[in-house]
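Colleague: model the structure of this input:
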Amino acid sequence: MDTLSLILLTTISPLACFVIAIIFLIQQPRIAQGLVLCGSAVSLLSAIGLLLQGPVEPLRFLWFQSGAIQLQFGFILDGPSLMFGVVVAFITACIMLYSVGYMAHDPGKTRYFAMLSFFAWSMLSFVYAVDLLQSFIFWELVGLSSFFLIGFWFEKPEAAGAARKAFLMTRVGDVGLFIGILIILQLVHSFDIPSLLDPQSGLSTQISPGMLNAITLLIFIGIMGKSAQFPLHTWLPDAMEGPTPVSALLHSATMVAAGVFLMIRLHPLFMAAQDTALIVLSIATFTAILASTIAMVDTDIKKVLAYSSISQLGFMIMALAAGSLFAGVFHLITHAVFKALLFLCSGIYIHAYHTNSMAEIGRSGGRRLKATTFGLIIGGAALSGVPPLAGFWSKEEIFTQLGHNGFNIYMAGAFLAAFLTAYYTFRMIFLITKPDQASTSDHSHPEPMNMKAPVLLLTLGAIVLGFFGSSIAQGLGLIPQHHSVILMIPTVSVVILGILIAYLDYGRDNAPRTGFISKIAPLNTLFTNKWYIDEVYRITIVAITQALSRILHWIEDHVLDGNYDRFGLGILRTGAKSTRIQGGWMQLYLGWAIILLAVVALYLGMR
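Modeller: Okay, here's the model as predicted:
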């Protein structure tokens, strides 16, 4: 099959399924579900076909032209888009299959599967977009999809509030991104991504370094919002109010991955803007540490995984800002697999025991769910960076790049975040597998095969994917680098230390089951309250916005509407008074006519 047919099948299949399901099958959930599953399978097979064909020249189609400005829609089929397109399609297919069991009794099942298909179409179209404006359109549709799915159970105030918060906070970042895109158009009259990245005639060769730093910083503001980097990160943990399969898709291969992928796509521009790269590296390092500190004290399994995502996204952006495209792409791909796995495992636990508390899942007999617990341990070990699982190899590339010029503050920050990652991940594992009070009765539901199969498949991916690093490097047009085992010792040592302390705190017999940080009361309070960032927002941005809204509402009511109301009432009163001279009295009319004639005659006589 030719390239154009494959790319259209990859991107259009989910859209067609969404349209058919939401318009014609709203009362036919089983048919809608089957249709969407078939569409995801077609999309996955087509994406694999594109990857096997290899990179080709971009496909462009003129949308419209205004003077020297041409706006084109099309598809860019290079290494990053081909590989990540397969990842998006694969993770989406796994989550759709899993959702058959998870959402089996939900009355809004058709709407759910239709919106998942819309989400997949938006993300795939963003990944393959050849034009910045086209990318921005699908970037916004990814945000819209997440709004609908986070707030899927909109009858719950928490879910509706979380959807609004996610939508508004990411819009803040999108304003910066859109301004940056418009400045590019004003300066070079083009949105074509390959042209903008051309080393001989691209954007970085046509504008000053200061302007390039300003543009890339504006673009990064959009990335901060989408990929939940400080200070625009607080929406992501709240987004856990949506169905767990949505959380899995959102954290692994769609919403938050979109920001990192945009940085991958525009990586040469960020590397040419050294001031921006340093700022990005600093923010990402701080974000990775910040999120890890909160994850180590939270008790909700989904929120622990959410803060883990924020931290791991920080690792990806650190790698890209430090100059390694390969490390960023590699960790994006491995993280998509093991984070989807962890969320799907958490969904099975929640589905079985009706609680998000890790301790309660453990006490209820969580370890009895054998396949899920195996997936949790493998996914958690991959997240922690335990060799030889996928996360170890991709994180090792990040540490290698950060330490390229010797030990520095960013490498120290990454080591601290890696230690905390191993600690909070195995804290989660020990709370579930080594409960303090094991239940003698089993009240869980069996693991349905349509939920177990994706977990086992992703578990396999978390085990073997790290060994494909050389293939990923070659797909990016890079030469694979092989590192000495000796250089891996510091990374492995940090991970082992984190696991050991988690074992002492939560895993051994008669463990205190309180974290070591609880001994430092001020820090424990700070981390438990999420560094008070939401509170700061409430007493500053939210309070100021509400005060300004009240002032504007008063002005509207008492000044604008009030004046218009007074003007209208004045007209009514004038009209009411004028009716008094329209009484139908002929004598009165005749008298006024005589008076007026006398006045006119007097005036003319005086002339």
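
Colleague: surely S146 and V256 touch.
Modeller: No. With contact defined as Cβ atoms under 8 Å, S146 does not reach V256; the gap is 9.2 Å. The C-beta positions use only the backbone N, C-alpha and C, and glycine is treated the same way.

Colleague: any weak-confidence spans in the stretch 301-450 of the chain?
Modeller: 438-445 (pLDDT under 70).

Colleague: go on, the chain?
Modeller: When residues are selected by pLDDT under 70, those of the chain lie in 438-445, 580-585, 607.

Colleague: tell me who's in contact with G49.
Modeller: M1, L6 (Cβ atoms under 8 Å, 6 or more residues apart in numbering).

Colleague: what strand or helix carries it?
Modeller: Here G49, judged by DSSP states H and E, is contained in helix 29-53.

Colleague: check the offset of that helix from the chain's centre.
Modeller: Chain-centre distance of helix 29-53: 23 Å, with Cα atoms, centre = their mean, to the nearest Å.

Colleague: in that helix, what's buried?
Modeller: Buried residues in helix 29-53, counted by 16 or more other Cβ atoms under 10 Å: 29, 32-37, 39-40, 42-44, 46-51.

Colleague: swap in stretch 542-558?
Modeller: When neighbours are counted by 16+ other Cβ under 10 Å, no buried residue of stretch 542-558 is found.

Colleague: domains of the chain?
Modeller: With domains defined by automatic domain parsing, the chain comprises 1-193+205-272, 277-521, 537-606.

Colleague: so which of those gets nearest N529?
Modeller: domain 277-521 (9.1 Å; Cβ to Cβ).

Colleague: any idea how far apart the tips of that closest one sit?
Modeller: Terminal residues of domain 277-521 lie 36 Å apart, using Cα to Cα, to the nearest Å.

Colleague: please state the offset of it from the chain centre?
Modeller: Here domain 277-521 is found 18 Å from its chain centre; the criterion is Cα atoms, centre = their mean.

Colleague: reformat the domains of the chain as TSV; add distance to W531.
Modeller: What follows is the domains of the chain, written out as TSV (distance: least, Cβ to Cβ, whole Å):
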stretch	distance to W531
domain 1-193+205-272	9
domain 277-521	7
domain 537-606	11
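
Colleague: now do the contacts for L177.
Modeller: Going by Cβ under 8 Å, 6+ apart, L177 touches F136, W139, L218, I219, I221, G222, I223.

Colleague: just the element for the third one, please.
Modeller: What it means is L218. helix 209-226.

Colleague: show me what that helix is packed up against.
Modeller: Packing partners of helix 209-226 (3 or more Cβ pairs under 8 Å, 6 or more residues apart in numbering; DSSP states H and E): helix 132-150, helix 157-188, helix 203-206, helix 255-265, helix 267-272, helix 274-295.

Colleague: quick one: closest of these to L456.
Modeller: Among the helices and strands packed on helix 209-226, the nearest to L456 by Cβ to Cβ is helix 255-265 (22.9 Å).

Colleague: what residues of the helix holding L218 count as buried?
Modeller: Neighbour-count burial for helix 209-226, with 16+ other Cβ under 10 Å as criterion, is recorded at 212-226.

Colleague: what do you get for stretch 564-584?
Modeller: Buried residues in stretch 564-584 (16+ other Cβ under 10 Å): none.

Colleague: what does stretch 237-250 give?
Modeller: Using 16+ other Cβ under 10 Å as the test for burial, stretch 237-250 gives 237-250.

Colleague: so how far is it off the chain centroid?
Modeller: 10 Å.
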